[in-house]
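S.K.: attaching a predicted model along with its sequence, questions to come.
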Amino acid sequence: MHQNILRFSNRRYLFVAVGVLLLSVVLYLSQAGGAQPPNGGTWQGYVLGTIGALLIVWLSLLGVRKRRYSSSLGTVQGWTSAHVYLGAALLVVATLHCAAQFGWNVHTLAYVLMAGVILSGFYGIYVYLHYPGRIAGNRLNQPRQAWLNELADVDEEALSAAADCGADVQSMVASAIELSRYGGGFFAQLSGKDYSMVHLPQAEGGGKPLPNVEQQEVIKRLAKRIPRSNKRSEAAALDELLTLFSRRQTILRLLRNDIRMQGLVKVWLFFHVPLTVALLAALLVHILSVFIYW
Amino acid sequence: MQYLVRKSVSSDQLEFEDLDYDVKELSFGSGDKSLVPLALPNGKQLLIRGTSKGGASYRAGAGLNAEKNGKPALKGSLAEGDTLVVEGFEFRIIAAPMGFDVAVQVQAVAGSGGAVKPRYAMELQPLGLSLRAWSYLGLVAILLLFLLLPVIGLFDDDVAKTLRSAPLASDNSWSTGPLIPAHRIPAIGDNCQTCHVKPFQMVQDEQCLACHRGLTDHIDLQVHQIHDFAEFRCASCHRDHNEPAQIVRTDDALCADCHGRIEEFDLSGPTNSIAVSAFTEQDHPAFRYSLLRPQGSGGAFGWELERPRLPHSEISETSNLKFPHDLHLDPQKVQEQGSGEALQCNSCHQLQDDGEHFAPITMDKDCRSCHSLTFDVFEPDLELPHGDQRAAIVAMEAHFIREFTDPVLRKQRAATKPRRVPGKRDARASCEGTGLDCGRAEAIKEAEYQFANTGCVTCHVVEDTGAQDINDRWYIQPVKVNNDWYSRSSFDHQSHLALAGENERAVCESCHQISQSSESSDIAIPGIDNCLQCHGADVDHSVDLSCVSCHDYHYPDASLMAVGGQSDLLEKTLPPEVQQTELNDDTEIGAKDASD
């Protein structure tokens, strides 16, 4: 049974996170009128920094915990719920630790990396909460492979229908199938933009492939071709091709959407994970450097 | 180069599609960059380039599964008859038809599905590198740039200098915030190790005192236990690299930490300290005047500073000066020369550049314009020197002897009848004796008059010793006017005199009620009550003061701050052979203290 991780265990970790936040704010405010302006070097700053560093290390351990299938140290769901709430709290803890003093230094680098991790995490939460439903809805509750199979069937049918038409139609259909695009490179997958092309014979004004966005170019040409068909069987074949390409349009659009949304669900991890590792390095340098130059 | 690409467009591989390209090089793949769309995984490409001899060379992207004539090879040459299989597609060089330089036939390998299989990558992969590789790259880059290189610089000055001058991360990237402007000089601002000498060791006093020489400490080591101060470094209070910059502590805890519980400290000398924790009537003791007390009769043996803890009403000034403020401030009796206006406070009291103290009152500057020291009615422009009793007597002797010895002067004097003023001196116009006798007699007569009746005695306390010798007959008690009533604190007159331009006397007298004072022993320096009216921490709309608004931590009569001075003293508990090595430093510090 799917359960929203934000509501895990009656939002237990929300209250833990709020507790951490309140403690941090009290610590921060207690620096007022002290020997120094609020910063990471007061005793309160050290405490906030220690809380922050422990949080960072623990939050990073989710990556370890979720791979330990046999571990009984809490459920992965519980860990993730706590990960989300405490990760959000960390942003405030770290800001209070440094008293919002920033500069061109390794300390701010660590902060920026941390902020990058947390913000990408916020995006991750958003897509994890909203996209599974949208993806299932887009696919009409069928697996992607079913749609790929149907596309393959439609393609086969189209090629065989085209066999009853002239060479120009055969060539156009074969090329349109060949040059139908979904997925591809990083940006093509994420944008979901239709880069489909069709290569027409020279006589048809081709030579260079033409854009075939949403299969419109082919559909347009097939529709035009019907009244000019040489024989009845060709008209029937063209009619069938029109239907088949309309179906292709739907399936291809659905596939591109599916790939795009699956990509969006995954892409934030490309930032979240490497930034986390970089953050751990920057955190180590931050802690070492302030004590090397105490 | 003209390329022909012949692609299989049916599953039975009997139908082909011919595509022609006029490019340098053919690229096959599923990415946006690829010229000929082909379902190669992950946007990777196969490049085929024709050679002049009709053959071709190929390069397959790293990670592609490419076999030439059955042998794995990511690149190589292709001639007619060679078969290159890449990810389920078969490439052959076929005889180029007329008008083409190179012809490539592409078909799906039987059984692999070919054209109707998914042609493009559908699983999102990170750009360029794998997630793991990106992670390691970031990890290594940060550790290398921000840790390893700067750490090498710790042990090698040349490396440190090179890093700091290059656009690379140096130990500058470890700085937690800007230095205060005074510390941004190249010697400090460009070299962290000027202050941060040893890794993992806090900044030591040696580094501060290398520049800040001659600073006094907070304590007199004669009085305080050195152990009470052992834990404090300069940087315990003076923290740089902060935003906003705050190199000097201004919080009350700086003082109240100890002075709030001063009774708990073992003070070996007479300190008479009372606990103080804030500037309120309850938490701050009454102010103590700093008084200059004459030693011996009339200050014959000098003056000593005293700070009695007594109610102000029980204290009087002992300057030995006679001065009624009320008379001088009464416009009926005293007026400003020239304008005829009443005297203002600043007619005599001129604020010095420090904004706190006033220029010392002197006879020449402040009194002589009215209280001239004329001594001969026949020569009213002539005045006695001030401040040197002997010189004044000699001046009178010399003057009168000259007048009675010089026949011309004596004659003039005898001929002039001085104007008699009731109650004033009776100058002798003529004398029958020798010039020496007459002059000396006139000098003694005038001296008696000056010391006992008018002149000196107007402002000074003059004692008649009864001695025969005219030089020993009178003793004028020296005058010492206090110029620093609260020597342990500072006060900014300047900022408190904002309205003085309009009505100076009213502004001054709002704190110093002096116009009714008829005796110079009166003290018109206000006490704590006066300050608390505006600055009491418990007053509404208070202008809050912290301890350091008035008091300095480093004050002048404390011991000198010395490099290692405190630790030297601490080490006196060490065995003698260890002490021996420290003795030289100790004596030096001791000598400095004594001279201070």
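M.R.: Nice, I can see it.
S.K.: roughly how far does the residue in the stretch 251-400 of chain B that chain A sits nearest to sit from A:Ala94?
M.R.: Here the residue of the stretch 251-400 of chain B nearest chain A is B:Asp251; by Cβ to the nearest Cβ that distance is 5.5 Å. Where C-beta positions appear, they are placed from N, C-alpha and C, glycine not excepted. Here the criterion is Cβ to Cβ, to the nearest Å. By it, B:Asp251 lies 25 Å from A:Ala94.
S.K.: which of these two has more neighbours?
M.R.: The neighbour comparison of B:Asp251 against A:Ala94 (other Cβ atoms under 10 Å in any protein chain shown) goes to A:Ala94, with 23 against 18.
S.K.: that one: which element?
M.R.: Counting by DSSP states H and E, the element that carries A:Ala94 is helix A:76-98.
S.K.: what is that helix packed up against?
M.R.: helix A:12-29, helix A:43-60, helix A:62-65, helix A:106-138 (3 or more Cβ pairs under 8 Å, 6 or more residues apart in numbering or on different chains; DSSP states H and E).
S.K.: which among the ones you listed is found nearest to B:Leu436?
M.R.: Proximity to B:Leu436, assessed across these by Cβ to Cβ, is greatest for helix A:43-60 (87.2 Å).
S.K.: list the buried residues of that closest one.
M.R.: Neighbour counts over helix A:43-60 (16 or more other Cβ atoms under 10 Å in any protein chain shown) mark A:Gln44, A:Gly45, A:Leu48, A:Gly49, A:Ile51, A:Gly52, A:Ala53, A:Leu55, A:Ile56, A:Trp58, A:Leu59, A:Ser60 as buried.
S.K.: is it up against chain B anywhere?
M.R.: No. Residues of helix A:43-60 contacting chain B under Cβ under 8 Å from any Cβ of the partner chain: none, with a closest distance of 10.4 Å.
S.K.: quick one: mean pLDDT over that helix.
M.R.: The average pLDDT for helix A:43-60 rounds to 94.
S.K.: for residue 124, which non-adjacent residue is spatially closest?
M.R.: I went with chain A, as the question did not name one. On the basis of Cβ to Cβ, 6 or more residues apart in numbering or on different chains, the spatially nearest residue to A:Gly124 that is not a chain neighbour turns out to be A:Trp268, at 4.5 Å.
S.K.: can you look at chain B instead?
M.R.: Closest residue to B:Leu124 in three dimensions, ignoring its sequence neighbours and counting by Cβ to Cβ, 6+ apart: A:Gly263, at 4.0 Å.
S.K.: so which bits of stretch B:539-550 are buried?
M.R.: B:Leu545, B:Ser546, B:Cys547, B:Val548, B:Cys550.
S.K.: thinking again about what came up before, verify the stated contact: the residue of the stretch 251-400 of chain B closest to chain A with A:Gly33.
M.R.: Yes. With the criterion set as Cβ atoms under 8 Å, B:Asp251 and A:Gly33 qualify as a contacting pair; they are 5.6 Å apart.
S.K.: residues in contact with B:Arg390?
M.R.: Applying Cβ atoms under 8 Å, 6 or more residues apart in numbering or on different chains, we find B:Arg390 in contact with B:Asn471.
S.K.: which element is it on?
M.R.: Using DSSP H and E, the secondary-structure element containing B:Arg390 is helix B:389-405.
S.K.: now the element after that helix, going C-ward?
M.R.: Tracing the chain past helix B:389-405, the next element assigned as helix or strand by DSSP H and E is helix B:407-415.
S.K.: then that following helix to CSV, C-alphas only?
M.R.: As requested, C-alpha coordinates have been extracted for helix B:407-415 and formatted as CSV (Å, rounded to 0.1, in the frame of the first residue of the first chain):
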residue,chain,number,x,y,z
PRO,B,407,69.7,110.1,39.1
VAL,B,408,67.5,110.9,36.2
LEU,B,409,64.8,108.4,37.1
ARG,B,410,65.1,109.3,40.8
LYS,B,411,64.5,112.9,39.9
GLN,B,412,61.5,112.1,37.7
ARG,B,413,60.0,110.0,40.5
ALA,B,414,60.5,112.7,43.1
ALA,B,415,58.8,115.2,40.8
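S.K.: just checking, what packs against that helix?
M.R.: Based on contacts counted as 3+ Cβ pairs under 8 Å, 6+ apart, the elements that helix B:407-415 packs against are helix B:389-405.
S.K.: give me the mean pLDDT for the helix it packs on.
M.R.: Confidence over helix B:389-405 (mean pLDDT, whole number) is 91.
S.K.: stretch A:31-40 near chain B anywhere?
M.R.: Yes. Contact between stretch A:31-40 and chain B, assessed by Cβ under 8 Å from any Cβ, occurs at A:Gly33, A:Gly34, A:Ala35, A:Gln36, A:Pro37, A:Asn39, A:Gly40.
S.K.: burial count for the last one?
M.R.: Which is A:Gly40. Close neighbours of A:Gly40, defined as other Cβ under 10 Å, add up to 21.
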